[in-house]
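In: pasting the sequence and the predicted model now:
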Amino acid sequence: MSLRAFNLGFIIAAIFAVSFLTVSAQVDYEQFFDKSLSSANAGMYVLGSWAVINIAAGGYGWSKYEGQQKYFSQMNLFWNIINLSIAGIAIYSNSQTGISLLSDSEMLDKHLRTERILLINAGLDIAYIGTGILMSHFSSRSSTKADLFKGYGNSIILQGSFLFVFDAVLYGILRNQKVEFLRNMEIDFSSQAVMLNFGINF
């Protein structure tokens, strides 16, 4: 076999290797995004469960207690109707996502968008906690609505604190998945580049 034919064989093998790498990368992106959606859905189930518990407890407390405990329960119920709606919409939206129809960049963009939303929400959660603290503080200055401000304030502090932990933990999980995925992709591409370079220049 001539040297020219030998090199041609390596070039053909390199083309097949690049094609295989492209297919493998697509599969890796799909696996990554499927894992991302699974984590997001798990988070929404946690949020939904928290909402259901608070709606049930809030309804009971609203009818059972008086004073600030009544308003505490009332706000917990109102707040978690919204939480339950958000969780339900998110789970439904994720279930309608056709992973195989998305490009690699679209899958990564959707993952990054979820991370950004969680970071924004974490900032809002801190604002919620601050609002709750202010309401609780100002309750002592109101002679007619002290129980309402105290109950609502304590509820908002509780709900904001839960959401802050929830958003921070879910963001950390998704970010770690992204970092691990990009690191593995970089290693795979580097390995393939070394193999192709060795094959072509052999």
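Out: Thanks, I have the structure now. Residues are numbered from 1 along each chain as shown.

In: what's the local residue count around G132?
Out: G132 sits with 22 neighbouring residues when counted by other Cβ atoms under 10 Å. Any C-beta I mention is one placed from the backbone N, CA and C, and that applies to glycine too.

In: same question for S140.
Out: Neighbours of S140 under the rule other Cβ under 10 Å: 10.

In: for G153, see how far away it is.
Out: With distances taken as Cβ to Cβ, to the nearest Å, S140 is found 11 Å from G153.

In: could you do G123 as well?
Out: If you measure G123 against G153 using Cβ to Cβ, the figure is 20 Å.

In: so those two - more neighbours on which side?
Out: G153 (23 against 11).

In: that one: which element?
Out: Using DSSP states H and E, G153 sits in helix 146-201.

In: kindly report the same for N76.
Out: Going by DSSP H and E, N76 is in helix 67-95.

In: helices and strands around that helix, which ones?
Out: Judged by 3 or more Cβ pairs under 8 Å, 6 or more residues apart in numbering; DSSP states H and E, helix 67-95 is in contact with helix 3-64, helix 146-201.

In: looking at the ones you listed, which has the lowest confidence?
Out: Lowest mean pLDDT of the helices and strands packed on helix 67-95: helix 3-64, a mean of 75.

In: can you count the residues close to S63?
Out: Neighbours of S63 under the rule other Cβ under 10 Å: 10.

In: and it, how close does it get to V169?
Out: S63 sits 33 Å away from V169, going by Cβ to Cβ.

In: show me what counts as buried in the helix holding N76.
Out: 68-80, 83-84, 86-87, 90-91, 94 (16 or more other Cβ atoms under 10 Å).

In: one more: stretch 47-67?
Out: L47, G48, W50, A51, N54, I55, G58, G61, W62.
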